[in-house]
Structure formats: structure tokens, C-alpha cells
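A.B. asks: quick one: sequence plus predicted model below, questions after.
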Amino acid sequence: MRMLNPLVLGVASLWVLVNPSFADAQQPLVRLEVKPTKPAFGVWNKPTVLRSVEDAAKFFDAEALASLKKKVDFKKQFVLLFAWKGSGGDRLNFAIAESFPEQIFFSRKPGATDDFRSHVHVFALRSNVRWSVRAK
């Protein structure tokens with residue numbers, strides 16, 4: 001019976017390696033390397049919440065939307081789209097509190113430069129995750 005547990009664990013690990021989208025769906029937060037092609041800019045601390053492919057189609061072209069659909073299971077996840085214009089030194093940070101369901105806190109470290117740049121960050125969050133923005 002002791003050999004069964006490592007075998008089951010090994011098979012489960014192999015399943016996750018072979019199916020990376022399955023692993024991503026289990027993570028509380030996944031950073032997505034896809035950029036919106038339609039205007040999405042607003043205030044940094046009010047991200048756009050996308051809960052369906054139809055919502056995402058308002059901001060992404062066909063190619064980006066196809067990529068997004070491969071990476072996000074909208075039945076189990078939703079997308080946060082942060083898009084703002086500000087100092088080139090602005091940084092978006094997040095912290096994940098170890099609880100269940102996890103809590104994710106987003107914050108911005110303002111840049112010190114006067115240049116004006118576009119910032120876009122796209123994240124997939126598991127649907128039961130709680131999130132908030134801590135304005136600084």
C-alpha cells in the first residue's frame with residue numbers, strides 16, 4: 001500500500017506537467033503575456049474585470065483573444081486588466097496572502113520620472129480568489 005501513494009503522486013504530477021493549462025487554472029494568479037489592442041486605459045487602481053470571452057473581445061483583437069482563450073478557462077477564472085498612463089518608473093506590485101481562498105493585494109509604486117508612458121498588465125485569477133487594490 002505504501003507504493004501506491006508515490007505512484008498516485010507521480011501520475012498526478014505528470015498530469016500537471018503534460019497539461020500546463022490545468023496547472024495554471026489551479027494557481028490563484030497567473031500573469032498573462034497578452035496586450036489589449038483596443039483602448040483600455042483608465043485609472044491604475046480601477047482594473048477592468050473580464051468574466052467572459054465576450055467581455056475580452058471588447059479589448060483584444062482576434063489573435064490576442066485566441067491566445068487568451070487558450071490560457072484562461074472563464075468557467076474557473078476571470079481576467080484583471082490594469083491599464084493606465086503615468087511615469088515610466090511606475091511599478092505594479094502584488095502580494096498573495098496565504099489563506100483559502102487566497103487574497104491578492106495590488107499596489108503601485110509611483111515612478112519618480114516625468115516621462116509619460118503606457119502601462120498594461122493582464123492577470124488571470126481563479127474565480128474564488130479575493131482581490132483588492134491598495135492605493136498609494
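C.D. replies: Looks like it came in fine. In this text the structure is predicted, and so the values were computed from the model without any measurement.

A.B. asks: and whatever helix or strand residue 125 lives in, what's buried?
C.D. replies: Per DSSP states H and E: residue 125 is located in strand 116-126. Across strand 116-126, burial judged by 16 or more other C-beta atoms under 10 Å covers 119-126. Heads up, the C-betas are built off the backbone N, CA and C, glycines and all.

A.B. asks: any chance of the residues you listed in a markdown table, plus pLDDT?
C.D. replies: Shown next, in a markdown table, are these (pLDDT from 0 to 100):
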| residue | pLDDT |
| --- | --- |
| 119 | 93 |
| 120 | 94 |
| 121 | 95 |
| 122 | 97 |
| 123 | 97 |
| 124 | 98 |
| 125 | 98 |
| 126 | 96 |
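
A.B. asks: ok, those vs residue 99, which is closest?
C.D. replies: Taking C-beta to C-beta as the measure, residue 126 is the one of those closest to residue 99, at 13.0 Å.

A.B. asks: pick out the residue closest to the middle of this structure.
C.D. replies: With distances taken as C-alpha atoms, centre = their mean, residue 123 lies nearest the centre of the chain, 1.5 Å away.

A.B. asks: list the contacts for that one?
C.D. replies: For residue 123, the contacting residues are 29-32, 79-80, 82, 94, by C-beta atoms under 8 Å, 6 or more residues apart in numbering.

A.B. asks: give me the spatial nearest neighbour of it, chain neighbours excluded.
C.D. replies: Leaving aside its sequence neighbours, residue 123 sits nearest to residue 80 (C-beta to C-beta, 6 or more residues apart in numbering; 4.8 Å).

A.B. asks: and if you look at residue 36?
C.D. replies: With sequence-adjacent residues excluded and distances taken as C-beta to C-beta, 6+ apart, residue 36 is closest to residue 59, at 4.0 Å.

A.B. asks: residues contacting that neighbour?
C.D. replies: By C-beta under 8 Å, 6+ apart, the residues touching residue 59 are 36-38, 40, 48, 50, 81.

A.B. asks: in ChimeraX, how would I select the buried members of the residues you listed?
C.D. replies: Selection of buried members from the contacts of residue 59 for ChimeraX, criterion 16+ other C-beta under 10 Å:
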select :36,40,48,50,81
